[in-house]
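1. my questions concern the predicted model and sequence given below.
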Amino acid sequence: MKNNIKIKIASGFTLIEVIIAMTLLSLILVLLFSTIFTANKSWQSTERKIALNDETRIVAQFIQRQLTQMTPLLWSDNKKQKLLFSGKNNEISFTTTLPAHRGGGGVQLVSLKINNTDDMNHLDFYYRHAGGDVYPFDNENFEQVTLLEDIKDIEIAYFGREKADQSPQWQDEWQNDQFLPLLISIKILGTDENQDWPELKIPLHSHFVRGQAQFVLSKTSQSPI
């Protein structure tokens, strides 16, 4: 009589199956970490854009407020009176009032211009109290504040009459030293082409009576401009 002997082979994974499983697991982990990294990078980029937009909005509101609060000031050197206003394509100087934390109180001489440091352009704001003892709009005795960093350029245009008998038009520079422009356009160009910077078009609500400024800064020796 023959004995029927049954041999039971233990079930398990073969080496090839283990290698395939580990490869698939590695691919899943790579895809998972890649997705997390991309999502995190996108989140940080969004956060930077939101912060930049907030900064842009605050700076735009500050510039607009200073221009709308412009106080026309005439410089008198006993020979001729000139309006303390200088308008160029990438720089503007004027007289206005400032908030208390910027040394507010009385009329201030201010300038807005581009400076370059370490191959990076930044928008700077200069200010000091107006006074006949100091040469207006020179580069001395001014406090300096950087409003925006790492920008490409600034474009400023002026709408008004270059001469009394001419129709108002847009100009890259303001040459009239007796009257202010009616409207000022300011556009800040960022280094990021995808960043939208708002173009400011600011009407000037100035204190003029019959076309003349009502405030005069006198100096007996020299003319500022």
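-> All right, it came through fine. The structure presented is a predicted model; accordingly, all values stated were derived computationally and were not measured. Numbers count the residues shown, from 1 in each chain.

2. scan this protein for its longest strand.
-> strand 143-160 (DSSP state E).

3. following that strand, which helix or strand shows up next?
-> strand 169-171 (DSSP states H and E).

4. rewinding a little: buried ones in the longest strand of the chain?
-> Within strand 143-160, the residues that count as buried by 16 or more other Cβ atoms under 10 Å are 147-148, 151, 154, 156-160. For the C-beta atoms, the positions are set from N, CA and C on the backbone; glycine is no exception.

5. give me the helices and strands touching that strand, please.
-> helix 15-68, strand 108-117, strand 120-129, strand 169-171, strand 183-190 (3 or more Cβ pairs under 8 Å, 6 or more residues apart in numbering; DSSP states H and E).

6. may I have the beta-bridge partners of D153?
-> Legend: beta-bridge partners of D153 under DSSP bridges are L189.

7. is it correct that E149 is in contact with H122?
-> Yes. The criterion here is Cβ atoms under 8 Å, and E149 meets it with H122 at 4.6 Å.

8. I'd like the distance between the residue positioned nearest the centre of the chain and A39.
-> Against the mean C-alpha coordinate of the chain, by Cα atoms, centre = their mean, the closest residue is L148 at 4.5 Å. Here L148 is placed at a distance of 29 Å from A39 (Cβ to Cβ, to the nearest Å).

9. where does this protein have low pLDDT?
-> 1-13, 43-53, 77-79, 100-105, 131-140, 193-196, 206-225 (pLDDT under 70).

10. closest one of the buried residues of strand 143-160 to N116?
-> I151 (10.6 Å; Cβ to Cβ).

11. from what I see, the closest one and G190 are in contact.
-> Yes. Taking Cβ under 8 Å as the definition, I151 is a contact partner of G190 at 5.6 Å.

12. show me which residues of stretch 182-194 are buried.
-> 184, 186, 188, 190.

13. report the two of those residues separated the most.
-> I184 and G190 (19.9 Å).

14. count the residues that sit near Q61.
-> 11 (other Cβ atoms under 10 Å).

15. give me the distance between it and Y126.
-> Taking Cβ to Cβ, one finds Q61 at 19 Å from Y126.
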